[in-house]
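In: Next come a sequence and a model predicted from it.
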Number of protein chains: 2
Amino acid sequence: MPLNISLLLICNNGNFDTTHDMTELLKQHISNHIPLTNKEMEDFCSLFQNKTIKRKSFLLREGEVCKFEGFVTKGIFRVYHIDKSGAEQILYFAIENWWITDIDSFTTERPSQLFIEELEDSEVLLISKKDKEFAYANFPKIEKLFRVMTQKTHVALQRRMIDNLSKTAGQRYLDFIEKYPQLHQRLSNLQIAAYLGISHEFLSKIRNKIATRK
Amino acid sequence: MPLNISLLLICNNGNFDTTHDMTELLKQHISNHIPLTNKEMEDFCSLFQNKTIKRKSFLLREGEVCKFEGFVTKGIFRVYHIDKSGAEQILYFAIENWWITDIDSFTTERPSQLFIEELEDSEVLLISKKDKEFAYANFPKIEKLFRVMTQKTHVALQRRMIDNLSKTAGQRYLDFIEKYPQLHQRLSNLQIAAYLGISHEFLSKIRNKIATRK
DNA sequence: TTCATTTATTGAACTTGTTCAATGTTTTTA
DNA sequence: TAAAAACATTGAACAAGTTCAATAAATGAA
């Protein structure tokens, strides 16, 4: 059957409904965290809307209130801040199976300080605040799911914080390509530098040094 | 009545049960986040044990599994990591009304990479993993409480991450004393430097520059 | 109160990372 | 396919931050 599936994918230019396939990834993701009954799973996933987005467009801009939480099913996003001097700091990247939102703006309903931008043509499943509150109120397991996921994200950020406090940029770059080989291949060095908190020129020098030492 | 209360405090050398006063602070803290019935509040707070700790002793050391989550009612703690070269990175400080744990070790039950140390004589209310699971299972509001608190903590860490990526050490120091004036007064410059991710010598030079410019 | 320990300051030499400008390379788009 | 735009590399001068060593000041324990 793999041939048929390939043909299906090749022929699909985004002209017919693929929502069913889209939520498949989300369902799998949820199942990896908590057990839900079929009904709970269907009810929860039906709250999401599929959205297709062209590269270099924005899901959120600074100053807007973030009205969604998104689950990426295709493509790559970056969540970043622009400081007073115009420099960009990337908070995180999100590829397939990752969630994106400005959790601060989403929960407080205050204007966001962040940008969320697509780097490739992407697809994302979006849930509104109202529907998420509905889910929390009606499915206690969903409350647990998001508590556990937020904890995990927090632990990852704690590790990154410690690394940023203790390691040189060169070491952080090596850690990055080791930890996220798939991301590394899909990102420009400009993006990686903004994530590591260094200038792209310096990243270039780091790469040169690594390359000539091997 | 204020005189009587003062006398009571003066006479109490830790020799009689003050658990009741201790959980008062916790109850207030919880009420600020979510509404609980009296029974829920009593049931939940009864899961905590009060612990008095001398300064410079450890609540957790690297390599141990973190078996508690703690609510600080008195004193000041620091949660930190020691890297390969022996340098300390402070993840956060906790004073009255703050929570302390290694959330990674506590949830995964794997050895911690962190130290939790008292900097003053302190008191803390501790809850075990089993009792916390019990609370989650029996009080859905508690699940929500910790989801919301973890979200807030995460937002704060995201801001700190962005600041660390974009600001100079001098600016971060000024931000720190503005944001946490009470902490600033109770901490040595060694501690603050380890939090900011700089050497204490350099912090000293920053302080000198600030002082002479005023 | 005194001695030992910890904390803070300062300077000099050094390392890490930035900025700016010039040049080359790759990718997009018309 | 050509031109434009975005991305990557390199060097030189500079700024930010570290390290080490010496000294002073503050704190804690006997």
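Out: Great, that's in hand.

In: which bits of chain A sit near chain B?
Out: Proximity of chain A to chain B (CB under 8 Å from any CB of the partner chain) is limited to residues A:81, A:83, A:85, A:87, A:89, A:91, A:103-104, A:107, A:136, A:140, A:143-144, A:146-148, A:150-151, A:153-155, A:157-158, A:160-162, A:164-167, A:197. C-betas here are computed from N, CA, C, even on glycine.

In: list the contacts for A:Lys132?
Out: With contacts defined as CB atoms under 8 Å, 6 or more residues apart in numbering or on different chains, A:Lys132 is in contact with A:Leu47, A:Glu69.

In: Give the helix, strand or coil label for it.
Out: At A:Lys132, secondary structure determined by DSSP: H, G, I helix; E, B strand; the rest coil is helix.

In: which residues in chain A form strands?
Out: Taking DSSP state E, the strands of chain A run over residues A:49-53, A:58-60, A:68-74, A:77-82, A:88-94, A:99-100, A:115-118, A:122-128.

In: Need the ones you listed in JSON lines (columns: distance to A:Lys179, mean pLDDT and mean neighbour count).
Out: Shown next, in JSON lines, are those (distance: least, CB to CB, whole Å; pLDDT from 0 to 100; neighbours: other CB atoms under 10 Å in any protein chain shown):
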{"stretch": "strand A:49-53", "distance to A:Lys179": "26", "mean pLDDT": "94", "mean neighbour count": "16"}
{"stretch": "strand A:58-60", "distance to A:Lys179": "25", "mean pLDDT": "95", "mean neighbour count": "19"}
{"stretch": "strand A:68-74", "distance to A:Lys179": "18", "mean pLDDT": "97", "mean neighbour count": "22"}
{"stretch": "strand A:77-82", "distance to A:Lys179": "17", "mean pLDDT": "96", "mean neighbour count": "20"}
{"stretch": "strand A:88-94", "distance to A:Lys179": "12", "mean pLDDT": "97", "mean neighbour count": "20"}
{"stretch": "strand A:99-100", "distance to A:Lys179": "18", "mean pLDDT": "98", "mean neighbour count": "20"}
{"stretch": "strand A:115-118", "distance to A:Lys179": "22", "mean pLDDT": "96", "mean neighbour count": "21"}
{"stretch": "strand A:122-128", "distance to A:Lys179": "22", "mean pLDDT": "96", "mean neighbour count": "21"}
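
In: possible to save those as TSV with distance to DNA strand D?
Out: Output for the strands of chain A, formatted as TSV (distance: least, CB to the nearest atom of the strand, whole Å):
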stretch	distance to DNA strand D
strand A:49-53	17
strand A:58-60	15
strand A:68-74	19
strand A:77-82	11
strand A:88-94	11
strand A:99-100	19
strand A:115-118	11
strand A:122-128	16
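
In: I'd like these as CSV, with distance to B:Gln182 appended.
Out: Conversion of the strands of chain A to CSV gives the following (distance: least, CB to CB, whole Å):
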stretch, distance to B:Gln182
strand A:49-53, 45
strand A:58-60, 35
strand A:68-74, 35
strand A:77-82, 27
strand A:88-94, 28
strand A:99-100, 35
strand A:115-118, 34
strand A:122-128, 39
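
In: hang on, the earlier thing: from the residues of chain A next to chain B, which would you call buried?
Out: A:81, A:89, A:91, A:103-104, A:107, A:136, A:143-144, A:146-147, A:150-151, A:153-155, A:157-158, A:160-162, A:164-167, A:197 (16 or more other CB atoms under 10 Å in any protein chain shown).

In: got the contact list for the residue nearest to A:Trp99 when sequence neighbours are not counted?
Out: Nearest residue to A:Trp99 in three dimensions, chain neighbours excluded: A:Phe71, at 5.6 Å (CB to CB, 6 or more residues apart in numbering or on different chains). Residues in contact with A:Phe71 (CB under 8 Å, 6+ apart) are A:Leu25, A:Leu26, A:His29, A:Phe48, A:Asn97, A:Trp98, A:Trp99, A:Val124, A:Leu125, A:Ile127.

In: if we can go back for a sec, next step: the residues of chain A next to chain B restricted to helices.
Out: Among those, DSSP state H puts A:103-104, A:107, A:136, A:140, A:143-144, A:146-148, A:150-151, A:153-155, A:157-158, A:160-162, A:164-166 in helices.

In: State the distance from the closest residue to A:Tyr195 other than its chain neighbours to DNA strand C.
Out: Spatial nearest neighbour of A:Tyr195, excluding adjacent residues (CB to CB, 6+ apart): A:Ile90 at 4.2 Å. According to CB to the nearest atom of the strand, to the nearest Å, A:Ile90 stands 13 Å off from DNA strand C.

In: Same check on A:Ser31?
Out: A:Ser31 is 34 Å from DNA strand C, where distance means CB to the nearest atom of the strand.

In: excluding its backbone neighbours, what's nearest that residue?
Out: That would be A:Met41: by CB to CB, 6+ apart, it lies 7.9 Å from A:Ser31.
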